[in-house]
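In: Predicted structure and sequence below. I'll ask about it afterward.
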Amino acid sequence: EAQVTQNPRYLITVTGKKLTVTCSQNMNHEYMSWYRQDPGLGLRQIYYSMNVEVTDKGDVPEGYKVSRKEKRNFPLILESPSPNQTSLYFCASSLFGSNEQFFGPGTRLTVL
Amino acid sequence: QKEVEQNSGPLSVPEGAIASLNCTYSDRVSQSFFWYRQYSGKSPELIMSIYSNGDKEDGRFTAQLNKASQYVSLLIRDSQPSDSATYLCAVNSRAGGTSYGKLTFGQGTILTVHP
């Protein structure tokens, strides 16, 4: 089944404790992206990647890091999480040349 | 002005009626337009894409695009309670001088279809 997977789906952590949210897709998509969704603010892009080893900032990159060492994986790293990063996070992917993005199931992160 | 704005909700329609969802965008060179449906607690699901002026129909859904007015809409005919969800308008906008890859989303419109 073609899909985007994220792990973990739910995470409660404390301020300053480094964490990684994984994202993987099995559709051979070149493009991958991370979004956060907050009430009243909608979906905002954090980082995106057009291919392996090619990443760029979205609209709200502060406090996040990403890497793209393999085509199928695009992990999101929070090196020192803060409470304002409490949010619902989505990973998405699409084929090169297409803007039709397919979303993963989401990761609900709470930073205490 | 927000880059992508949707009509404020929530929108409530009776079962069987037409639901009309609207979206305006500010970037004149935007080329790709999408409607996503998001059920509560779930991820956005692509339901329509439109790239050229005019109407595009898919089952009960019709997307309409007017680039001169920078306006895109989604009509849902014969609305069903299962259509109750948040509808997100997304517009492809420029990123680093290219249009590839960057989607900007509206804040969403909550639609409720009541029996």
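Out: The structure has been received and is ready for your questions.
In: contacting residues for residue 35?
Out: Chain wasn't specified; assuming chain A. A:43-46, A:58, A:89-92, B:105 (Cβ atoms under 8 Å, 6 or more residues apart in numbering or on different chains). Using the backbone N, CA and C atoms, a C-beta is placed for each residue, glycine as well.
In: To clarify, I was referring to chain B.
Out: Per Cβ under 8 Å, 6+ apart, neighbours of residue B:35: B:21, B:46-49, B:61, B:63, B:74, B:87-90.
In: Can you tell me which of the contacts of residue A:35 has the most neighbours?
Out: When those are compared by neighbour count (other Cβ atoms under 10 Å in any protein chain shown), residue A:91 ends up highest, at 29 neighbours.
In: Am I right that it is in a strand?
Out: Yes: secondary structure of residue A:91 (DSSP: H, G, I helix; E, B strand; the rest coil): part of a strand.
In: The closest residue to it other than its chain neighbours and residue B:15, how far apart?
Out: Spatial nearest neighbour of residue A:91, excluding adjacent residues (Cβ to Cβ, 6 or more residues apart in numbering or on different chains): residue A:23 at 3.5 Å. Counting by Cβ to Cβ, to the nearest Å, the gap from residue A:23 to residue B:15 is 38 Å.
In: before we move on, what about residue B:5?
Out: Going from residue B:5 to residue B:15 by Cβ to Cβ gives 28 Å.
In: what does residue A:10 give?
Out: 34 Å.
In: how about stretch A:101-112, does it reach chain B?
Out: Yes: counting by Cβ under 8 Å from any Cβ of the partner chain, chain B has neighbours in stretch A:101-112: A:101-106.
In: Quick one: which of those residues has the lowest pLDDT value?
Out: Of all the residues of stretch A:101-112 next to chain B, residue A:101 carries the smallest pLDDT score, 88.
In: right, and it touches residue B:104 too?
Out: No: counting by Cβ atoms under 8 Å, residue A:101 stays clear of residue B:104, with 12.0 Å between them.
In: and chain B, which residues reach chain A?
Out: Residues of chain B found near chain A (Cβ under 8 Å from any Cβ) are B:32, B:34, B:42-46, B:49, B:88, B:92, B:95-96, B:100-108.
In: Any chance of a PyMOL selection covering the buried ones in those residues?
Out: In PyMOL syntax, the buried subset of the residues of chain B next to chain A is picked out as below (16 or more other Cβ atoms under 10 Å in any protein chain shown):
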select buried, chain B and resi 32+34+43+44+46+49+88+92+95+100+101+102+103+104+105+106+107+108
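In: In helices only, show me the residues of chain B next to chain A.
Out: Secondary structure from DSSP state H places none of these in helices.
In: I'd say residue B:88 and residue B:108 touch.
Out: Yes: between residue B:88 and residue B:108 there is a contact under Cβ under 8 Å: 4.8 Å.
In: shared neighbours, the two?
Out: Shared contacts of residue B:88 and residue B:108, counting by Cβ under 8 Å, 6+ apart, come down to A:42, B:6, B:38.
In: Cheers, nothing more for now.
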